[in-house]
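Undergrad: Next one to model:
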Amino acid sequence: MIRDIERMAHGEYDLLVIGGGINGAAVANMAALNGLRVVLAEKDDFASGTSSKSTKLIHGGLRYLENLEFDLVRESLLERSIQLKSAPHFVRPLGFVIPVYKGDKRPLWMVRLGVFLYDLLCGRHKIAPHKLLTPEKVAGIIPDINSENLVGGVMYYDAQMDDARLCLENILNAENNGAHIANYMEVKTFIVENGRAVGVEAVDRISQKRVSIRASHVVCCAGPWTNVFMAKERSRSPMAVRTTKGVHLIYKGLFSPEAMFLTVKKDQRLFFIIPWEGNSLIGTTDTDYQGSPDNVSVSDEDIEYLLKEVQRYFPKKKVRKENVITTFAGLRPLVSQPGRPSKISRKHVIKESYSGVVYVMGGKYTTYRKIAEDVVTKIKGEKLIDTRDKWPLYGGGRVKLLPEDIARKYDMPLDVVDHLIATYGTRYRDVLKMVRGDPSLKGKICSCSPVIQAQVVYAIEKEMALTVEDIVNRRLGLVYQDCPSRECERRISEIIDKKGVAENLI
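TA: Predicted structure coming up:
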């Protein structure tokens, strides 16, 4: 990727996208695919906000059936099928077990009805039919689960994904189609002429240069920062987005080979325990957040809330805070409305301001392609290229060779090849070509994972990674690994120092 600030300052653009989360990335991808001249500015790294801090699911939203949002669920299930076809390397089917206990708010008949309706709404996009489980079958799948008062359960199917990589692949594909893109480019103010927004004033956080970027249309995909940008236009703009905090934990080891969809006893909220990279992803919370989106964090109370419920479902295990590998929290940018956070609709809204800035609000990760389609249709005013059969992603499509054949061809360990395919899809060859050009890049950076040195160089040279955190958290997902030595971070830091990137990041 080319991070050319001068080019952005002098470019003639049809569309300026503010925000490099999943919605901004997808809008840029969709717009570039449809022939628009696109520029995108992100103040931090791509997916560094909510878009790398999700529950990492591409799903229809079974719980939204309680709110009678059948249209949202149906739309989400269609989008799920598109992502499964487009990115099979990191959007994969996953089974979910819902155990039901005597006295639960949602009795067994209601849960069974819910998964029946879910499959019905799936239609031909069904991954696999749901299953009705006896207490014995639930315990057979999850041996250590609390069996006291267990009356049965169900298993249904959705999909799991790597959220940060999925966002990045949209960014890379947009750039491959001609979009000009920069991370660490902070938008400060709008340029308004004759009452219309015609661009922005921004600061490059690497060089500290001020840059004017102009375009015919401006789209704000700032997620939790939407209210901040609306205030830049009108100082007394009402709060259009209601932010709620979702906390997740990565816990050492697996509680279950399948994902679990569970109920919190205290407030009847739903949460997940999901297998993730050999460990367990636990989450999420859903509480109103009033502070700055820049300062969201995980509190001890958040951790205790989730671990207490895990312990209730697994009384034979010692669930300890010391076994938490890492935590993360993201803010959902929900369309502002009254009511409990968990009851607020996840439908998206596209709103044009008095100066012509188009704001994207609400939505859920799964429907990002549809959100992008709606935005670009509004801007272009004509029918777009149909991407429902296959959405273009940078490493999309199926790898034709078997991993064993690739390992022999490039003389690489099989675990490394499996990891490269899962990370880059059809672009695994780009990394292996670097190894052929420089065999010293073949070695692993640490014993905690199959990551090789070539991937770090690839992240810097091809994926616009500028800091250790960019690579550890979002390019390679090493933040989720239990690595007491932190040798991987030290090695990445050494490679970054050699490349001389991000020295002046402010």
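Undergrad: Below-threshold pLDDT in the stretch 201-350 of the chain: ranges please.
TA: 235-237, 338-340, 342-343 (pLDDT under 70).
Undergrad: residue ranges of the helices in it, please?
TA: For the stretch 201-350 of the chain, helices defined by DSSP state H, counting those that start in this stretch occupy the ranges 226-233, 300-313.
Undergrad: buried set for the longest one?
TA: Along helix 300-313, these residues count as buried under the neighbour rule (16 or more other Cβ atoms under 10 Å): 302-303, 305-307, 309-310, 313. Placement of C-beta: from N, CA and C, glycine included.
Undergrad: and of those residues, the nearest to I141?
TA: I141 has its nearest neighbour among the buried residues of helix 300-313 in Y313, at 13.3 Å by Cβ to Cβ.
Undergrad: Relative to L57, how far out is that closest one?
TA: The gap separating Y313 from L57 is 19 Å, by Cβ to Cβ, to the nearest Å.
Undergrad: Can you pull out the residues in contact with the longest helix seen in the chain?
TA: For the chain, the longest helix by residue count, based on DSSP state H, is helix 70-86. Applying Cβ atoms under 8 Å, 6 or more residues apart in numbering, the contact partners of helix 70-86 are 58-62, 64-65, 91-93, 118, 121-123, 125, 127, 158-159, 161, 166, 345-347, 364, 366-370, 387-393, 396.
Undergrad: ok, of these, which come out buried?
TA: For the contacts of helix 70-86, buried by 16+ other Cβ under 10 Å: 58-62, 64-65, 91, 118, 121-122, 127, 158-159, 161, 166, 345-347, 364, 366-370, 387, 391-393, 396.
Undergrad: give the contact list for M412.
TA: Contacts of M412 (Cβ under 8 Å, 6+ apart): 406, 432, 435, 442.
Undergrad: and the third one, what element?
TA: For V435, the enclosing helix or strand under DSSP states H and E is helix 428-437.
Undergrad: Work out the gap between that helix and the centre of the chain.
TA: Here helix 428-437 is found 26 Å from its chain centre; the criterion is Cα atoms, centre = their mean, to the nearest Å.
Undergrad: try stretch 191-209
TA: For stretch 191-209, the distance to the chain centre is 27 Å (Cα atoms, centre = their mean).
Undergrad: Tell me the buried residues in it?
TA: 191, 197-200, 202-206.
Undergrad: cool, and stretch 469-484?
TA: 469-481, 483.
Undergrad: That one: end-to-end distance?
TA: 17 Å (Cα to Cα, to the nearest Å).
Undergrad: For the residue of the chain most remote from its centre, give me phi and psi.
TA: Most distant from the centre of the chain: N194, at 37.9 Å, with distances by Cα atoms, centre = their mean. The phi/psi pair for N194 (degrees, to the nearest 10) reads phi 50, psi 40.
Undergrad: and it, how far is that from G11?
TA: To G11, N194 is 21 Å away according to Cβ to Cβ.
Undergrad: now R210
TA: 16 Å.
Undergrad: and M161, what are its bridge partners?
TA: V91 (DSSP bridges).
Undergrad: For the stretch 301-450 of the chain, which segments are assigned as strands?
TA: 324-335, 348-352, 358-362 (DSSP state E, counting those that start in this stretch).
Undergrad: okay, the ones you listed, which one's buried deepest?
TA: Ranked by mean neighbour count, the strands of the stretch 301-450 of the chain are led by strand 358-362 with a mean of 24 (mean count of other Cβ atoms under 10 Å).
Undergrad: Just list what that strand packs against, helices and strands only.
TA: strand 210-220, helix 226-233, strand 324-335, strand 348-352, helix 368-380 (3 or more Cβ pairs under 8 Å, 6 or more residues apart in numbering; DSSP states H and E).
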